[in-house]
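Participant: no sequence on this one, just coordinates:
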């Protein structure tokens, strides 16, 4: 990796990093896990390989900075398998070499007796391989080291996305005809190659977004997709019941979303927009979604151009029949206060899709490993870069994402008249998935989930405190309704936490509607077969 040998050695010998880059490492128990290791140090690493869950009690034998570190350990644990395997010796040796321009790591780990445990040898080899790939990707990522700009600065309200804005402008005539732009957006949705004679600005945009950024870490993308495969039902519920409401408490974002809703004569505008949001989550988080030909990458290209089109119509008075032209002709947006869909608002929205969902997992009772948590943040960082967010503004890890989100929320969030209207749209979307006979009870169920995932203040801003409380009567009515479902059945009310039951019911109904050939103007919403098979009828996942 292209990083000084001393810096690499110090990073590797601060064990606090290990759980973030290793899928097998769960926690480091030490007085200060971020202090650089010294000979004679002792610490415990909680870990798991396949069915083995236990710990390593490490003793640092040799530290020869910046070239070599040797540690030995004895394993232990409280699970049946870890007790059966007993106290097994282990050894870890890290060796570094440098040619002055780059550093090479050799990490030799051995647990000879554990390799005999059924399935352990392969799991151990795989975990080591993933860890080394992640270490290299992390240390080669220039965005994670050195000084960085203030990601919460007010100046970011006045900064948009020049690359996409120039591409959109090149496809809209002086009279405001956006047929060419809409045609390109539709072709991206279908996965068709763009025309060879597109304007230069469009070609620059397409070339710049043709692949994911160089710092994207493949093992982390795989891990995040695995989390979605395992817990995607809860993820989708969190997007609807937490991510979007958190977005609406940003006054400028809520105002723009509300304006576009008012300008759309289609009474199904809210449903269409929410379905598009759900679909984008599927596209980004499904396996290989951000590959060069992945649907997630194409969805982000499409959304980025749509954002640019909105900004164009806000700032230029165009003679066009397009509904968005009224944003400028009717003077509905004050551009002096900042760009619509600015860098700050893009970043905040991204954090609602990454940090807020990870936060919701914890509330739902899902225990993610540190590696899974960091990977979920990472996949949305990659998506954010493709969506036009300046990469240096993105959070460096899950803790940074949490701090950044809370700072932006406290500094710029607040109540507006638009937020409750948008909140009502979410309630109608949720309850509309239920038959009319239980929609009142469905609204009580939504209040139950909302109260868990949002603070009272955020719920109030969105008007959710007006929802009725979840009552035993409603629970009984919904239980009878669920038992009659073909796919979900009574398993939705099995031994899982109530919040998971509620989320699973909501998303099961969403999947049922999606599978019944629901279409919006962008085409069929297809749930990938792997996800459909994994989720249908499963209570918590």
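Facilitator: Cool, got the structure. Bear in mind that the values here come from a model prediction, so they are computed numbers and not experimental data.

Participant: my guess is residue 464 meets residue 454, correct?
Facilitator: Yes: under the criterion of C-beta atoms under 8 Å, residue 464 lies in contact with residue 454, with a separation of 7.3 Å. Glycine gets a C-beta too; all of them are placed from N, C-alpha and C.

Participant: with neighbour numbers in mind, choose between the two.
Facilitator: Here residue 464 and residue 454 are set side by side on neighbour count (other C-beta atoms under 10 Å), and the busier one is residue 464, at 25 against 22.

Participant: quick one, what contacts the nearest residue to the more buried one once chain neighbours are set aside?
Facilitator: In space, residue 464 comes closest to residue 450 once its chain neighbours are excluded; the distance is 4.9 Å by C-beta to C-beta, 6 or more residues apart in numbering. Listed by C-beta atoms under 8 Å, 6 or more residues apart in numbering, the contact partners of residue 450 are 241, 245, 459, 464, 467.

Participant: which SSE is residue 450 in?
Facilitator: Assessed by DSSP states H and E, residue 450 sits inside helix 439-453.

Participant: so how far is that helix from its chain's centroid?
Facilitator: Going by C-alpha atoms, centre = their mean, to the nearest Å, the spacing between the C-alpha centre of helix 439-453 and its chain's C-alpha centre is 24 Å.

Participant: pLDDT (mean, whole number) over that helix?
Facilitator: Confidence over helix 439-453 (mean pLDDT, whole number) is 86.

Participant: okay, now the unreliable bits of this protein?
Facilitator: Along the chain, segments meeting pLDDT under 70 span 112-121, 261-270, 316-333, 475-476, 478-500, 504-541.

Participant: circling back: the contacts of residue 450 in helices, which ones?
Facilitator: Counting by DSSP state H, these place 245, 459 in helices.

Participant: which residue ranges form the helices in the stretch 51-200 of the chain?
Facilitator: Assigned helices in the stretch 51-200 of the chain, in chain order: 80-85, 120-139, 162-170, 179-190, 200-208 (criterion: DSSP state H, counting those that start in this stretch).

Participant: gap between the fourth one and the chain center?
Facilitator: Just to be clear, that refers to helix 179-190. 26 Å.

Participant: contacts for it, please.
Facilitator: By C-beta under 8 Å, 6+ apart, the residues outside helix 179-190 that reach it are 168, 171-172, 193-194, 198, 202, 298-299, 301-302, 305-306, 309, 522-523.

Participant: then the third one?
Facilitator: Contacts of helix 162-170 from elsewhere in the structure, counted by C-beta under 8 Å, 6+ apart, are 181, 199-202, 204-206, 208, 304-305, 307-309, 311-312, 388.

Participant: buried subset of those as a ChimeraX selection?
Facilitator: Remark: buried members of the contacts of helix 162-170, expressed as a ChimeraX selection using 16 or more other C-beta atoms under 10 Å:
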select :181,201,202,205,206,304,305,307,308,309,311,312,388
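
Participant: state which strand of this protein is the longest.
Facilitator: With secondary structure taken from DSSP state E, the chain has its longest strand at strand 52-64.

Participant: how about it: buried residues?
Facilitator: Counting neighbours by 16+ other C-beta under 10 Å, one finds that the buried residues in strand 52-64 are 52-58, 60, 63.

Participant: any idea which of the residues you listed is closest to residue 367?
Facilitator: Distance to residue 367, by C-beta to C-beta, is smallest for residue 53 among the buried residues of strand 52-64, at 12.3 Å.

Participant: for the closest one, what are its contacts?
Facilitator: Contact partners of residue 53, counting by C-beta under 8 Å, 6+ apart, are 47, 77, 79, 81-82.

Participant: derive a PyMOL selection command for the buried subset of these.
Facilitator: Written as a PyMOL command, the selection of buried residues from the contacts of residue 53, which uses 16+ other C-beta under 10 Å, is:
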select buried, resi 47+77+81+82
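
Participant: hmm, back to that, widest-spaced pair of the contacts of helix 179-190?
Facilitator: Maximum pairwise distance in these, criterion C-beta to C-beta, is 22.9 Å, between 172 and 523.

Participant: the more surrounded of those two?
Facilitator: Set side by side, residue 172 and residue 523 give different neighbour counts by other C-beta under 10 Å, the larger being at residue 172 (22 against 11).

Participant: excluding chain neighbours, what is closest to the more buried one?
Facilitator: Nearest in space to residue 172, with sequence neighbours left out and distances taken as C-beta to C-beta, 6+ apart, is residue 178 at 4.9 Å.

Participant: so the one you found is in contact with residue 171, correct?
Facilitator: Yes: with the criterion set as C-beta under 8 Å, residue 178 and residue 171 qualify as a contacting pair; they are 7.1 Å apart.

Participant: residue 441 and residue 422: what is the separation?
Facilitator: Computed as C-beta to C-beta, to the nearest Å, the residue 441 to residue 422 distance reads 23 Å.

Participant: more crowded one of those two?
Facilitator: Neighbours were tallied for residue 441 and for residue 422 using other C-beta under 10 Å; the higher tally belongs to residue 422 (24 against 21).

Participant: excluding sequence neighbours, find me the nearest residue to residue 104.
Facilitator: Leaving aside its sequence neighbours, residue 104 is closest to residue 97 (4.8 Å, by C-beta to C-beta, 6+ apart).

Participant: outline the domain layout of the chain.
Facilitator: Domains of the chain are assigned by automatic domain parsing as 5-140, 166-209+221-535.

Participant: residue 148 is nearest to which of these?
Facilitator: Among those, the nearest to residue 148 by C-beta to C-beta is domain 166-209+221-535 (5.7 Å).

Participant: which element is the spatially most central residue of the chain on?
Facilitator: Most central in the chain under C-alpha atoms, centre = their mean is residue 354, positioned 3.4 Å from the mean C-alpha point. Under DSSP H and E, the secondary-structure element containing residue 354 is helix 343-364.

Participant: returning to that earlier point: pick the one among the contacts of helix 179-190 closest to residue 147.
Facilitator: Nearest to residue 147 out of the contacts of helix 179-190 is residue 301 (C-beta to C-beta; 30.7 Å).
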